[in-house]
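Chemist: Structure for this input, please:
(one chain, ligands or ions: 1)
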Amino acid sequence: LSTEIPYSKPSITKLELDLVSKAALAGWGNRSNAFVSQFEDDFARRIGVQYAVATSSCTGALHLGLAASGIGKDDEVILAQSNWVATIAPIIYLGAKPVLVDIEEVSWCIDPELITSKINPKTKAIIATHLYGNLCDLNSLSRIARKNNLLLIEDSAEALGSIYEGKHAGTIGDFGVFSFHGSKTLTTGEGGMFVTNNESLAMNVRILNNHGRDPNEERQFWPSKLGYKYKMTNLQAALGIGQVSRFDELVNRKIEIFQNYQNLLFGVKDIKLNKVRINCSSGYWMPNAIFSTNSGVTREQILEEFKNNSIDARPFFWPLSNLDFIPTIEDSPVADDISKRSVNLPSFHEITDLEQSRIVKILLKLLNKNKDFLA
Ligand SMILES: *Cc1c(COP(=O)(O)O)cnc(C)c1O
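Modeler: The predicted structure is shown next:
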């Protein structure tokens, strides 16, 4: 049996280890927020946004952002069917109603053409998730949001380093959120970031994330409203500071890994990878291979073959309305179809060319096996 290939694995160097040690030894008392503040500043500067608030997860950042924007009971929020559950959960936490929309065939992101018919007086926001590093059609979404007075929120958990017409993903809508989960391009183990150019929104998020305590309140232990607690620790922030300083290295390696898959699959008509929108570039968090309908290859076949070869590949996200606890039932032919014939390919920083070749050989073998079978 050949050695195991994981699906993701962070790249941690001595730089990060030294910073974490420093935080563990000195990040207390009056320095108990020093690493968190620096991480926020470094991250904001790196992606070109004015305000950043670090959180314990991207889910928390989204929950805070929606709450600070006043989203609540009976409001409706539009998002794509192909999403991780983290994007829909905070909408439900707040008593609002998620409204699910199918994806575009090419970008795998929310299809703007399907949004207008879902808008009614209760609609308050659109969440644009940039799936697997691919970018949403932000120009169309901004136009729809502006025209209907809706918030545009960018779930950029998977889009670190993706650039839309010269601007970093996450900095274009009313606010953006990022994830630093261990599987993401930049990691703090668990962690997230809320970003915006709106000063009062940033302040509201900060207050909500500190149990509703306003920094201008003179009384100690006197929250001015009911808040939340999704704060990041100094230890995680120290790791994050090291990772942000390696931003280009981490993103460029993702791009290199993607390009290597692309080269290995050059000329193979029946397998397609992530596509980049015009005037945009991708941070390629996750290469995703889609088999053509003609090939007859299914998600189950792909996952089984990988498993037999000790390779940890993952399925494309299931359409959210398939989940038992999601209240809406919506048709999403594109999201359904794509998820049935595609798979995420391993893309961790230290993957070798040989490992990538091994992975591609399996993809090709599946294709040929099915061809023989069909013929
Ligand atoms: C990873 C991810 C999240 C959640 O991030 P956490 O930090 O685990 O809360 C949210 N949205 C998308 C699209 C993700 O991929």
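
Chemist: Name the residues of the chain found near the ligand, please.
Modeler: Within the chain, the positions adjacent to the ligand are 57-59, 83-84, 86-87, 129, 155, 157-158, 179, 181, 192 by CB under 6 Å from any ligand atom. No exception for glycine: its C-beta is placed from N, CA and C like everyone else's.

Chemist: Can I get the longest strand along the chain in PDB, CA atoms only?
Modeler: Identified as the longest strand of the chain according to DSSP state E is strand 123-129. Below are the C-alpha coordinates for strand 123-129, written out as PDB (Å, rounded to 0.1, in the frame of the first residue of the first chain):
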ATOM      1  CA  THR A 123     -35.100  40.300   2.000                       C
ATOM      2  CA  LYS A 124     -32.200  41.900   3.800                       C
ATOM      3  CA  ALA A 125     -29.000  40.500   2.500                       C
ATOM      4  CA  ILE A 126     -27.200  38.400  -0.100                       C
ATOM      5  CA  ILE A 127     -24.300  36.200   1.000                       C
ATOM      6  CA  ALA A 128     -21.800  35.600  -1.800                       C
ATOM      7  CA  THR A 129     -19.600  32.600  -1.100                       C
END
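
Chemist: List the buried residues in the very next helix or strand once past that strand.
Modeler: Next along the chain after strand 123-129, taking DSSP states H and E as the criterion, comes helix 138-147. Of the residues in helix 138-147, 138, 141, 142, 144, 145 count as buried by neighbour count, 16 or more other CB atoms under 10 Å.

Chemist: residues in contact with the third one?
Modeler: To tie it back to what came earlier, the one meant is residue 142. When contacts are counted by CB atoms under 8 Å, 6 or more residues apart in numbering, residue 142 is found next to 152, 172, 173.

Chemist: Next one: it from residue 235, what distance?
Modeler: 38 Å (CB to CB, to the nearest Å).

Chemist: just the first one next, same as before
Modeler: For residue 138, the distance to residue 235 (CB to CB) stands at 35 Å.

Chemist: Ok, the last one next?
Modeler: Going from residue 145 to residue 235 by CB to CB gives 38 Å.

Chemist: show me the contacts for residue 5.
Modeler: 310, 311, 312, 346, 351, 355, 358, 359.

Chemist: Drop anything exposed from the residues you listed.
Modeler: Buried among those (16+ other CB under 10 Å): 311, 312, 346, 351, 355, 358, 359.

Chemist: now, the most widely separated pair of the residues you listed?
Modeler: Greatest spatial distance in the buried ones among the contacts of residue 5: 312 and 358, 12.7 Å, computed using CB to CB.

Chemist: Low-confidence ranges, this structure, go.
Modeler: Where the chain drops to pLDDT under 70, the residues are 1-2, 370-375.

Chemist: sorry, back to before: could the contacts of residue 5 go into JSON lines alongside secondary structure and distance to residue 27?
Modeler: Shown next, in JSON lines, are the contacts of residue 5 (DSSP: H, G, I helix; E, B strand; the rest coil; distance: CB to CB, whole Å):
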{"residue": "310", "secondary structure": "coil", "distance to residue 27": "40"}
{"residue": "311", "secondary structure": "strand", "distance to residue 27": "39"}
{"residue": "312", "secondary structure": "coil", "distance to residue 27": "34"}
{"residue": "346", "secondary structure": "coil", "distance to residue 27": "34"}
{"residue": "351", "secondary structure": "coil", "distance to residue 27": "33"}
{"residue": "355", "secondary structure": "helix", "distance to residue 27": "37"}
{"residue": "358", "secondary structure": "helix", "distance to residue 27": "42"}
{"residue": "359", "secondary structure": "helix", "distance to residue 27": "40"}
